[in-house]
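Engineer: pasting the sequence and the predicted model now:
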Amino acid sequence: MIRKNGILLYDRADAERNRWFIQRLCEAAEPEGLSLRLCIREELCISEISADFLINRSRNAGISRFCEEELRIPVYNSAQVTDITNDKYKTHLFLRAHGLPTADTVLVEDAQFPRSAMPPLVAKPPCGHGGEGVRMLSDLYALKQAEREMPRPLLLQEPVQTGWDTRVYVMGGEIYAAVLRTSDSDFRSNYSLGGSAALMQPDSEMQALVSRVQAALPLDFAGVDFLRRKDGSYVIGEIEDAVGCRMLYALTAFDPAADFIRMISGRLLKCSK
């Protein structure tokens, strides 16, 4: 068997936070006939990249695009996925263009909020992760405070049911697992912010929406986050490109790192035939 050499790309700060997962990916690669080398995005010279494939966990679409277009090597996730999903407004526009449900969203680039902006609203940065920088604007005082303090650009969104969301993990185009996240103390339900998490089975509506997302934007390994309006209908909150796996390791006997590597190995083997 000819060993395939891959690059595992992380930002420096994320590499520090995810050392165990990085180690697990590299360990899982060896028995699959793969070799993974960790590269830090800030230290990488793209003209010197030499690899058979790239696993991009850095959220940098430019490097993925270079590898796809210039080096002609497979990238997981693709440059298109990374480009769209790491900008919440791009994600909103893309999903809406494909008839998929999202919360009503306005991009604010100017100093003043639009006159039509009335609380309650949720304000968030377009490129934030893990609930960072998200505010609930429940009244006019909070709205004016956010208008003064929050950096631009930012998004204003209709509020949905607070303290509730479901992350559906997609691997190789199929639903891998789903986790319900709830919080009694914060309108955000992120696990990293202290929310509770429990394994769940996606209902038929979620499954159908994931299939439609996959048809529009093929995901190698990502998270599709569902929120719920007060009437019970679902909206897609975001798609997480470099999706975190701490919940899966905490709640299940799954090994997403090994399964992801196994999926990549199978695809590379199929391409080499």
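Structural biologist: Alright, I've got the coordinates. Source: prediction; values computed, not measured.
Engineer: in the stretch 151-273 of the chain, which spans are strands?
Structural biologist: Taking DSSP state E, counting those that start in this stretch, the strands of the stretch 151-273 of the chain run over residues 154-157, 164-171, 174-182, 196-199, 221-228, 234-240.
Engineer: now do the last one: everything it contacts.
Structural biologist: By Cβ atoms under 8 Å, 6 or more residues apart in numbering, the list of residues contacting strand 234-240 from outside reads 81, 84-85, 88, 91, 95, 100-103, 129, 160, 165, 167, 205-206, 209, 213, 217, 219, 222-229. All C-beta spots, glycine's among them, are computed from the backbone N, C-alpha and C.
Engineer: show me which of those are buried.
Structural biologist: Buried members of those, scored by 16 or more other Cβ atoms under 10 Å, are 81, 84-85, 88, 91, 95, 100-103, 129, 160, 165, 167, 206, 209, 213, 217, 219, 222-228.
Engineer: centre of the chain to stretch 240-249, how far?
Structural biologist: 8 Å (Cα atoms, centre = their mean, to the nearest Å).
Engineer: i'd like the first residue to be 50 from this point on
Structural biologist: From this message on, residue numbering opens at 50, which makes the last subject stretch 289-298.
Engineer: what residues sit buried inside that stretch?
Structural biologist: Neighbour count says stretch 289-298 has 289-294, 296-298 buried, by 16+ other Cβ under 10 Å.
Engineer: for stretch 125-138, same thing?
Structural biologist: Going by 16+ other Cβ under 10 Å, stretch 125-138 has these buried residues: 125-137.
Engineer: out of those residues, which comes closest to S314?
Structural biologist: Y125 (11.3 Å; Cβ to Cβ).
Engineer: quick one: that closest one and I285, what's the gap?
Structural biologist: 21 Å (Cβ to Cβ, to the nearest Å).
Engineer: repeat for G222
Structural biologist: Counting by Cβ to Cβ, the gap from G222 to I285 is 17 Å.
Engineer: tell me which of those two has more neighbours.
Structural biologist: More crowded of G222 and I285, by other Cβ atoms under 10 Å: I285, with 23 against 13.
Engineer: against L317, how distant is the more buried one?
Structural biologist: 30 Å.
Engineer: same check on P168?
Structural biologist: From P168 to L317 the distance is 51 Å (Cβ to Cβ).
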